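A.B. asks: missing the sequence, but the structure's below:
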């Protein structure tokens, strides 16, 4: 499906936000879902880049992504008026809970899909958001989260904003005060590993990333091993999975 | 315009077939599958296989390198859980079978007798498994032996999927023909190695198989070469992403063409390839694909 770029903004030195308007009938994505975005006009880069939905507004989609290679670099150079070829929404939606203590744990650009999720959570939940990054200039969506949720906590590794340390340090501190919490987490693999250690008895729904081929479940390239030794497809069985069911 | 293809009484509505491994088991996009000539499933092995550790795919210039490692639920679960659904497909169903020894292939063929299965494709060319796969397909004697053994166990359309890794596919195609194959698929992925920024193997399986437009000229060369070496039909495969590619493979001698990597980019790409091929035929006033098939070798 073709989608026109409406606006583009640089959120941090290497994180870009793009609003696009897809052509044709609009299918509203659910939190946790993603789109496969083709690299425009570069036939040597074949594969679509899987990018999660950061927000939806009036039939427009917001994608926030980090520049990690040539493909994302080309996507980042797109200008309003350019067109993207996008495929989606793909993946299984994240489960939505009601009337619970909910913790959103975001590392770096991982804040993006959690923001869209946060907008969807029923109001009877008690939501706390913890956003972490190495430095304050790498934090994203802090103001947007603060408009939705009162409790937004920040952790930076260099202490330039919020608590000095990692996002998981903050989680470890506040976790004992919450009864029967549910955690949603998106960020670096190491963050998810640490989170699973400190929240071993709590359901942690991790938004996973893996190298993908198709994004639609037909190539079996984005396997992640579950605790029974089988591989799940991150694109089809995920990307949101209970962390204690997979090997990280 | 007649695009129907018949190979050993199996009628393909058109020459476009989904290749094994890049179209799941054919159930994910049924509307696409129903409109193709046929669908080749992901490889089925006797026992379940978990596959290789991630990462399983890397992108290279004009192609991808994969190391999935034949992840599949095994013959019994394939028959119980997947085949009943596959039987509802309107296109011809071909099951790709893989094993380490001749006996594995025979047991698989014996277990896959259902009416809904039009044919079997013997996988002698997967580069991502320790035993079996490409090591079998590199030896013409083994190719003939396995083909002959499977031939004895099945009456179905029997296709052998060949490799071009360090072996002349014309030789192994002749071996498959001698063993009783009804057709050969040329080619499977080519050996590839991708390194990370530290100079270490990037893929979880260490090495992988290269596919996509990057290998198309070589695949086309192989089809041209094999088509003149054997009298059984050749099924072309390797980097076909548009109608022009399909047209070229047919000109080089292919009876059917398989679409693989293109399905990763667009799951309905093969339907576009079919539409583009029809357009080319219309524009060039080609009424039957027989008129162009193998024309690369005809003296003008």
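C.D. replies: In hand now; what should we look at? Quantities reported herein were computed from a predicted structural model and do not represent experimental measurements. Residues are numbered from 1 along each chain as shown, chains lettered A, B, ... in the order given.

A.B. asks: rest of the way, CA atoms for contacts and neighbours
C.D. replies: Fine.

A.B. asks: Return the residues in contact with residue 86.
C.D. replies: Chain wasn't specified; assuming chain A. A:1-3, A:35-38 (Cα atoms under 8 Å, 6 or more residues apart in numbering or on different chains).

A.B. asks: should've been chain B
C.D. replies: B:25-27, B:93.

A.B. asks: ok, back up a step: just the contacts of residue A:86 that are near chain B?
C.D. replies: The subset of the contacts of residue A:86 within reach of chain B, by Cα under 8 Å from any Cα of the partner chain, is residue A:38.

A.B. asks: if we can go back for a sec, check the contacts of residue B:86 against chain A, which are close?
C.D. replies: Answer for those near chain A (Cα under 8 Å from any Cα): residue B:25.

A.B. asks: Turn the contacts of residue B:86 into CSV, columns for secondary structure, neighbour count and distance to residue A:148.
C.D. replies: Output for the contacts of residue B:86, formatted as CSV (DSSP: H, G, I helix; E, B strand; the rest coil; neighbours: other Cα atoms under 10 Å in any protein chain shown; distance: Cα to Cα, whole Å):
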residue, secondary structure, neighbour count, distance to residue A:148
B:25, coil, 26, 43
B:26, coil, 27, 43
B:27, coil, 20, 41
B:93, strand, 26, 52
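
A.B. asks: okay, the contacts of residue B:86 in CSV with pLDDT next?
C.D. replies: Converted to CSV, the contacts of residue B:86 look like this (pLDDT from 0 to 100):
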residue, pLDDT
B:25, 95
B:26, 93
B:27, 94
B:93, 98
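
A.B. asks: before we move on, back to that, can you turn the buried part of the contacts of residue A:86 into a PyMOL selection?
C.D. replies: Buried residues within the contacts of residue A:86, by 16 or more other Cα atoms under 10 Å in any protein chain shown, are selected in PyMOL with:
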select buried, chain A and resi 3+35+36+37+38
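
A.B. asks: what's the closest of the contacts of residue A:86 to chain B?
C.D. replies: residue A:38 (7.9 Å; Cα to the nearest Cα).

A.B. asks: show me the contacts for that closest one.
C.D. replies: Going by Cα under 8 Å, 6+ apart, the list of residues near residue A:38 reads A:46-49, A:84-86, B:265.

A.B. asks: Now, these that are in helices?
C.D. replies: residue B:265 (DSSP state H).

A.B. asks: What is the burial count for residue A:146?
C.D. replies: 13 (other Cα atoms under 10 Å in any protein chain shown).

A.B. asks: Ignoring the adjacent residues along the chain, who's closest to it?
C.D. replies: residue A:152 (6.2 Å; Cα to Cα, 6 or more residues apart in numbering or on different chains).

A.B. asks: And residue A:139, by the same measure?
C.D. replies: residue A:133 (5.7 Å).

A.B. asks: shouldn't the one you found be in contact with residue A:159?
C.D. replies: No - using Cα atoms under 8 Å, residue A:133 makes no contact with residue A:159, being 9.8 Å away.

A.B. asks: Of those two, give the one with the bigger neighbour count.
C.D. replies: residue A:133 (26 against 16).

A.B. asks: Need the pLDDT of the more buried one.
C.D. replies: pLDDT, residue A:133: 95.

A.B. asks: so who does residue B:105 touch?
C.D. replies: Residue B:105 neighbours (Cα under 8 Å, 6+ apart): B:97-99, B:122, B:146, B:150.

A.B. asks: where's it relative to residue A:67, distance?
C.D. replies: Distance, residue B:105 to residue A:67, using Cα to Cα, to the nearest Å: 46 Å.
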